[in-house]
Every structure is written in structure tokens, then in C-alpha cells.
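Asker: Sequence and predicted structure below; questions after.
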2 protein chains.
Amino acid sequence: MSKELVTRAEDYSKWYNELVVKADLADHSAVRGCMVIKPYGYGIWENMQKHLDKMFKDTGHVNAYFPLLIPKSFFSKEASHVEGFAKECAVVTHYRLKNDEKGGIIVDEDAKLEEELIIRPTSETIIWNTYKSWIQSYRDLPLLVNQWANVVRWEMRTRLFLRTAEFLWQEGHTAHATAKEAVEETEKMLEVYANFTEEFLAIPVIRGVKTANERFAGALETYCIEALMQDGKALQCGTSHFLGQNFAKAFDVKFATKEGPLEYVWATSWGVSTRLMGALIMAHSDDNGLVLPPKIASTQVVIVPIYKGEEGLKKVSEVALDLVSKLKAKDISVKYDDRDNQRPGWKFAKYELKGIPVRVTLGERDLANGTIEVARRDNLSKETISVNGADNYIEILLNDIQNNLFNKALRRTSESTHVADSYDEFKKILSEKGGFVSAHWDGTTETEEKIKEETKATIRCIPLNNKSEEGKCIYSGKPSKQRVLFALAY
Amino acid sequence: MSKELVTRAEDYSKWYNELVVKADLADHSAVRGCMVIKPYGYGIWENMQKHLDKMFKDTGHVNAYFPLLIPKSFFSKEASHVEGFAKECAVVTHYRLKNDEKGGIIVDEDAKLEEELIIRPTSETIIWNTYKSWIQSYRDLPLLVNQWANVVRWEMRTRLFLRTAEFLWQEGHTAHATAKEAVEETEKMLEVYANFTEEFLAIPVIRGVKTANERFAGALETYCIEALMQDGKALQCGTSHFLGQNFAKAFDVKFATKEGPLEYVWATSWGVSTRLMGALIMAHSDDNGLVLPPKIASTQVVIVPIYKGEEGLKKVSEVALDLVSKLKAKDISVKYDDRDNQRPGWKFAKYELKGIPVRVTLGERDLANGTIEVARRDNLSKETISVNGADNYIEILLNDIQNNLFNKALRRTSESTHVADSYDEFKKILSEKGGFVSAHWDGTTETEEKIKEETKATIRCIPLNNKSEEGKCIYSGKPSKQRVLFALAY
């Protein structure tokens, strides 16, 4: 472990970048913009996958796998889709290397592909090309498929987890007989994402729809969940798209209805990615390091023994290992760190940096008193409790930490959500406080883009169940029927 | 469902190709050599992943994720590695597309990469380049990391699951302080693979080491497990490599020993892939379709009701759903197929084709008798049993099917393992019977390659714990100290 982190107040952006690396979550790689997800970070991602996958399966979805490489021509088939994705693609042009005369290796120009292949930036095209042969009749619908995969989008400015050239995600791609069913699916999956993010990541989210301008390339409607980070910037945590019949038409996917005639299929797609790792880090962590909600931490409790000599360790370990087995019986993941090549102080600092929710310290003096020391990472408080019933105590404590983190983030989000009734007020809030700004907007892309140009703020979403309210656009003064949420965003 | 399969006797190769597609395991895609893994096939792969991942974690390994793309220059750093992999790589040369004048899209020549990127065919190079910054001291060792990932090897002749341009796999990459520890790890992981394949896939395997000629590019020793398919051809099911210090030297990865001086790190790598799906299909299936061992089947039991009218279905369902919940309580995966838009005969044929281990039929007549009909897929036998205690009966039956499949495959493998003491005998066995041929070999690559040229047979492995036996090479007549296993192979 190296020196301390810069504080959030000093430099929030630097604090984040340092934390990701120092807490062993991820690392930069030798390939520009591509990250290495380290075991500690990957363990958290595996937990996210496990819970999400269960939620997908509980709502009737199955997993499948589609090719990494997509023929270039597929991207031209859905007009708005190509506009949205063609500019940031990794292109495979050759399929062989060969030795050159100097003993190095070079691309073999004889092995040029007839048609270039694109590394998937998202899989609508290859999947709908496949669905053409899977869907003939209404009996084949709905088709509820998800894929866990890596994708590549060539980003110029990258940041670990938040924006990387390659990232991991899941993409659901469903096919339905009616528009109504597809919209229901889109909304259902948004709710799955919202529940997951709130329950497991302890991050409160705003559920909403994107403006036309911010829609996914090829969608009729994009639903999203948005969360506020500690610096007052918003982060889009997940999206769910109602694609209408756009991809069915582009790839000619029709089905025979119960009544007979052929109709185009209705589609949705939805995804969350390793970006959620960025949200998790920024929502809860502090100047001492990572803070993890217990439900998503890969290790929930760490026990550090304090002892002198082998005999001392033996005595302490007896009590510690008994607690370990009691915690494991409660399905609590616990690590007993009895390594003798590092001092307790080093271990405390390390687990604090890594955000382990609960740290138990057990010394020889505790043994005599029948106690242990319990430290919680979320508020850094410590207390000495009886070792009898400590497993029950810790179980309750973990729940309390989970709830506390959610409530703290909820309070912060609520305190950082402001109302602006004039453009001056709007700009003042953005520059002085940040956060969400609820303001009237005239509904035009033109106004939206001007506000973005002038303030960098974007419309994060039109909240679902937004109340209608007559008003005037803060920018154009034109009439507006509802407020939308603006923010500076990642 | 379409027409029947061709039989194994008629055309084994065609039988396999048809079965993979008709049983809904995988499909060809629009991209040459890349497959789509369909939900039913992917569910089986997910089961494989689940069990293997647990075995990896139980042996102390953690998962991580490394970049898909590898700088071309990395491949030149380990001399034998580049020879083995450079000829079959997908090469990324550009990072952008643009619109052309005719409204199509073309590669943007202004977006050419300075150094080409290779889609990983395997990850030793990018991982060892990363390990350089992870490993400083003996305290950082051993490093026991696994990755679940997709890889691309540009194959000219592809077959679903057996040989595809893109495939899914796991690759373990471990780092150790001593050669001894690394060899132990290599052997331990081979044993994990062997146990997994035998216990879950019910496929008996031969554990062995490869000849120098068949070693992984960059390894000092390659261990493998080999299995015999029903057509008498061998299939390599998994490999575990002792890499010595080759990659540590190529990427300059040294560690400070306890005593102080710097030493190069010792390495292993090991992997199994979606090729195991091919092994699973070919080891057990028959002319009626897939046969799945219960421990790897995603659905172990299917219940098909036979009834007339809604009232009939209601009565039958009551009993069926009771059985469903009892089976679920035993952690048996069961599907109750009460769809009314397909006839029972259609369902029977479908589940037979898909290899569901146990099919339960429950008709109105059974209700009166308190019985159900139980059909097992492995030997196609049926019996009528009492519905009372049916859950216990089925639990035992599933175990019995698992054991029966393993024993059947073991018997077949043993009967298809022959001994040859002359080259004529060797060739006769290969052409008339196939299977493994145990024969003396003089230990030279020259002889190995001549035999391959003349017969297409390769040395599958030198079995572990091979007994030493003086003899003469069947090809050269030179002295030999042990027999090795030859076979035609996939």
C-alpha cells in the first residue's frame, strides 16, 4: 500500500482515479482505453452479475451467446443505429500475421477480409439477423433472451469503469407480438434495474425516459435510471429501450399471428455495464477509501487477530475461527486474516481502503474479557461487544450498514435536487451546487442543445409519473407542460 | 421440429452437425466460423461454468478480467508463442467507420491504428505484461487467477463447438515462486478437469502429457485429458501447461525472494472451452437425439400431462404440480409442460431430441390408479410407478442414469483401446476399429510426424503413471521405453 488518497474536496476526479487503482479494483492496461479488472473488483462485479442474473431468470429470461464480430454491412441496415455507433468501432480487416524479413511480425496483406468485421459495440444487428430464423409464428413469441458479453466502443477520453474502450455488460434482447407487450417488458426491466441498484448497491435512482435527442440509436423510447454522485454530477446507471419494429423491419423479421397474417415483430433491448462499478464507488466512498454496501461486498467481515507469539495466535484463533464458522452458517462472507507477515495496523489501513463493511479485532486482552471490537466502515465507529452472540449482532449490523448507506445517499440526492424557474437561477445552481435541477423546457432539441452548449448540462430524464405543471421554458420562455431533470453528467 | 436425424452409422459427422442444430444447442451465424450458442445450449454451458468455477474457487483461485485486444508487438516477445498463434489471428487495424459518397459506410482511413491490435487467441502475453506490476515480492505469490472469456482463432475449417473462430473458455494463469509449486499447480488443475469431466459430463478421460511436438506454444510441458467419442476418434477435452519461466522472462517479471535476490517467476496456464459441449454431445447421444447426463442437464425432468378438456387438465395438474414442488425441494430441475398448443406426441419427440434425462407422463387414467409413467432417456425404457414416493424414485433414477452413462462410456473407451506391436497392425486397427492405439514410439518428432502424414493418427498423450516397458518403435524399429496413445482425433 502506498500513500494516502487525495481528498474528494481537493480533487474529486483525482480521488476517484486513485481510489480505483489503490483499492485494487482495476488497472490501466497496455491497450489504450482498455482496463484490467483486478480480482477484488471482479469479485464485486461477479456479485452484481449473480443478483442481476437471478432477477432476469426470475422474470422469465434465458441467456444465450451471439458472435463478437459483426459484418460491417449489418450496421447500415438500421439508419439511425449506424449514425449512433459507426463512429466508434474497432474494425477487423485481416485474419493473419506473418514474419517479416527482419524477424518481426507484420500483418499479412494476403489475408484481407472481403468484408470488414466490427467488434460489437452492441448486438442488436447480429441478434435480429439471427432472430429471423428463430421466429416464424406467434408460438415463438415472446423471445426473452439476455447475453453477458464484452463490447468495444472506441472512446477518446477514457476513465476506469466509467468510460472504457472495452467494457463488460449484459444486453437483453426481446421479441414480442405486440407493441403493448414490448413496452411492458421495457418498463419491467427498468424496474428490475432500479430495484437492483437501490437494494444491492444502495444507490437511489430516478426512473425516467430520455428526450428524443438522448435516445438510443434505433429506439422509439429510451427509459433510464439516473443517480447522483457525491460531486453533484449525474450518472446514467442503466437503460431499457423500446425499439418498436425498427430492427424487425431492418432484418425482415415477421411472424404469423394467431389469426394468420404476417406482422413485424416488436423489440426491446436493455443493458447495464461495469459502469455500475463506477457508480458504486462514487456513491458511497470517502477520503479513507472505498465504502461497500454489505449486500454487494465480496467480503463482508474481516477478522484481524492481535497477539504475541505462536501460543497467543493459537488462543485467539480458537475464538476467531468459532466466530468465522458461525458467520458462515449465516451466509455471511468472512475472512480471517491471520497472516503473520503484515502488522495489524497495515491490515486495518488496507481493509479500510478496500471498504470491507465490518472489521472485527480480537486481541489477547479481549479473550480474557470475552469481548471483541467491531468497527463499521460506513461511519468509522467502533464498539466493544460480547463475543457471545456476536454473530447475531454482526448480522444485524450488516443490515444496518446497508440501510444507512442507502438512506445517506437518498438524503444527499434529495438535498441536491433543486428547482430553477429562470435560466439565471439554473446556471447559478449548476455552478454553485450541482445536483439535479428540475426546470421547465419547451420540448425542442434545439433548446436542449443550446443549454448543453452554454452550461454543459443535459436533460438526464423526464421522470416517470412526472406531474404535469404549466410553466415556461427557462431558456426560450415558450410554454411547457412539465419539468424535466437537468444535470452535469458523467 | 423437422425430420429425423441421419443415423450415426450412416454418417457420424452429419449426425453431429444436424443434432447440434436440431436440438437447439447452437447455430451457424452470419459471420464465417462464428457460432450462436442458443439458450438451450447456453444453459448447459452455464452449468459447466458453475461447477468448474466452484472447483476453481475451492482450490484457491479468483477471477479477473484482462483486455480482449493485445498489441501486436506482445506476440513477438515469446518466440515459440508467436509461431503457434500468429497465423490465425483477427487483426484490428482501424477504429472508425464513416459514410461514403453513396450513403454506404466504409472504413475511415484516417483512423488507422499506429500499432495493430490482435483479438486474443489466448491471454498469456497481456496477462504477463500485467503481472509485471502485480508481482514484486514473494509475498505476492502465488497468484492464482482465472478468466472467463471469449477468444478468436481464425480457423479455416470450422464445426459448431468443436472448432469455431470465436469460442468461449476459461483460462487460468498462475504465478509461483518455484518450479515445483508451478508443476504441482499444473497437475492439480489437470486433476480438476479430469474430475469435472468424469463426474459431471460422465465422460471417462485419459490423463497424460503431450509430446514436445504437440505442446502449447510457449510451454515446457503440456498436460491433457483425452476422451474417445463414439466414432472412435479422440477429443482433447482440456489442457494444463507448465510454462516454466518463459513468459516471466519475455515480460521481465521478477520477484524478491525471502532471502533477497530477484528471481524470475514460474508460470502455469490451463483452459477448457465450449469444445466440452462437443465432447458431451458426441460421448452419449444416440440416433434419436441428445442424451444428457443429469448432473449437467439444465432441465433434469420434464412432466407432460395427457388430458381432455380444461377440467381434465386441472385434475392432472394438481398431482403434477405437487410432484414438481417435491422435486424442486430436492434441488431437481423440473419443467411442467402444460402448453395446450402442442400435442403430447410432439412434446415427447422434442424432449427426446433434447436429451432431457427423465420424462414423466401423467394421464387421467394414471390419476385413477395413483401412478405415473417414467421414461428414462439413456436407455429409452419406461415403467409405471406409484405417484407416492415418485420424487424419491426419480432422485435415485437420476443418479442411476448418471452412473449408467459414465459406465457405458467407460466400457466403450476400454473396448476401443487397442494394443499394436507392428506398424501393419497399427494401421489395420486404425482403419478397421479406430479408438486409442497403444504402441511403442522412438520418442522423435520425426517419427511422430511421419506416422501422422501416413495415417493421420497423432500421439494423443503419454499417459500419466505409464508403466515403463522395453520395446521397439512400430515405425522406426528403434528402442522405446514406454507405449504412447495414438488416435485419429478431432
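Answerer: Yep, it's here.
Asker: And the strands in the stretch 201-350 of chain A, which stretches?
Answerer: Along the stretch 201-350 of chain A, the stretches classed as strands by DSSP state E, counting those that start in this stretch are A:206-209, A:221-228, A:234-244, A:254-256, A:262-264, A:266-273, A:301-306, A:334-336.
Asker: Distance to chain B added to the ones you listed, as CSV?
Answerer: Every C-beta, even on glycine, is put in place using the N, C-alpha and C of the backbone. Shown next, in CSV, are these (distance: least, Cβ to the nearest Cβ, whole Å):
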stretch, distance to chain B
strand A:206-209, 29
strand A:221-228, 23
strand A:234-244, 19
strand A:254-256, 13
strand A:262-264, 18
strand A:266-273, 13
strand A:301-306, 16
strand A:334-336, 12
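Asker: Let me have the ones you listed in a markdown table, extended by mean pLDDT.
Answerer: Listed next are the strands of the stretch 201-350 of chain A as a markdown table, based on pLDDT from 0 to 100:
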| stretch | mean pLDDT |
| --- | --- |
| strand A:206-209 | 98 |
| strand A:221-228 | 98 |
| strand A:234-244 | 98 |
| strand A:254-256 | 98 |
| strand A:262-264 | 98 |
| strand A:266-273 | 98 |
| strand A:301-306 | 97 |
| strand A:334-336 | 97 |
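Asker: quick one, which of those is nearest to B:E171?
Answerer: strand A:266-273 (22.5 Å; Cβ to Cβ).
Asker: what packs against the closest one?
Answerer: helix A:124-134, strand A:166-176, helix A:179-199, strand A:234-244, helix A:246-250 (3 or more Cβ pairs under 8 Å, 6 or more residues apart in numbering or on different chains; DSSP states H and E).
Asker: sorry, back to before: could the strands of the stretch 201-350 of chain A go into TSV alongside mean neighbour count?
Answerer: What follows is those, written out as TSV (neighbours: other Cβ atoms under 10 Å in any protein chain shown):
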stretch	mean neighbour count
strand A:206-209	21
strand A:221-228	25
strand A:234-244	25
strand A:254-256	18
strand A:262-264	14
strand A:266-273	25
strand A:301-306	23
strand A:334-336	18
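Asker: Does the least confident helix or strand in chain A by mean pLDDT reach chain B?
Answerer: Using mean pLDDT, DSSP states H and E, the weakest-scoring helix or strand in chain A turns out to be helix A:79-85, at a mean of 74. Yes. Applying Cβ under 8 Å from any Cβ of the partner chain, one finds helix A:79-85 in contact with chain B at A:V82.
Asker: Residues of the stretch 151-300 of chain A that sit close to chain B?
Answerer: A:152, A:154, A:166, A:168.
Asker: So which of the residues you listed wins on neighbours?
Answerer: Ranked by the number of neighbours (other Cβ atoms under 10 Å in any protein chain shown), those place A:V152 first, at 26 neighbours.
Asker: That one reaches A:A90, doesn't it?
Answerer: Yes. Here A:V152 lies in contact with A:A90, judged by Cβ atoms under 8 Å, at a distance of 4.7 Å.
Asker: For the residues of the stretch 151-300 of chain A next to chain B, work out which two are farthest apart.
Answerer: It's A:W154 and A:L168 that sit farthest apart of these, by Cβ to Cβ, at 16.6 Å.
Asker: I'd like the next helix or strand past the longest helix seen in chain A.
Answerer: Ranked by residue count and defined by DSSP state H, the top helix of chain A is helix A:390-415. Note on helix A:390-415: by DSSP states H and E, the next helix or strand toward the C-terminus is strand A:417-419.
Asker: Now do A:E454 against B:Y307, distance only.
Answerer: 69 Å (Cβ to Cβ, to the nearest Å).
Asker: which of the two has more neighbours?
Answerer: Using other Cβ under 10 Å, the more surrounded residue of A:E454 and B:Y307 is B:Y307, with 20 against 11.
Asker: what's the distance between that one and B:S317?
Answerer: For B:Y307 relative to B:S317 (Cβ to Cβ), the value is 8 Å.
Asker: again, but for A:T130
Answerer: 35 Å.
Asker: roughly how far apart are the residue lying farthest from the centre of chain A and chain B?
Answerer: Most distant from the centre of chain A: A:E101, at 47.6 Å, with distances by Cα atoms, centre = their mean. Distance, A:E101 to chain B, using Cβ to the nearest Cβ, to the nearest Å: 14 Å.
Asker: residues touching the residue nearest the centre of chain A, list them.
Answerer: Centroid-nearest residue in chain A: A:L276, 1.5 Å away (criterion: Cα atoms, centre = their mean). Residues near A:L276 by Cβ atoms under 8 Å, 6 or more residues apart in numbering or on different chains: A:48, A:197, A:201, A:237-238.
Asker: Now do the contacts for A:H241.
Answerer: By Cβ under 8 Å, 6+ apart, the neighbours of A:H241 are A:186, A:215-216, A:218-219, A:221-223, A:268-270.
Asker: Next: A:V324.
Answerer: Taking Cβ under 8 Å, 6+ apart, one finds A:303, A:334, A:336 in contact with A:V324.
Asker: before we move on, the earlier item: neighbour count winner among A:T130 and B:S317?
Answerer: Just comparing A:T130 and B:S317: by other Cβ under 10 Å the higher neighbour count belongs to A:T130, 24 against 17.
Asker: Check what pLDDT the more buried one gets.
Answerer: Listed pLDDT for A:T130 reads 97.
Asker: Good, wrapping up.
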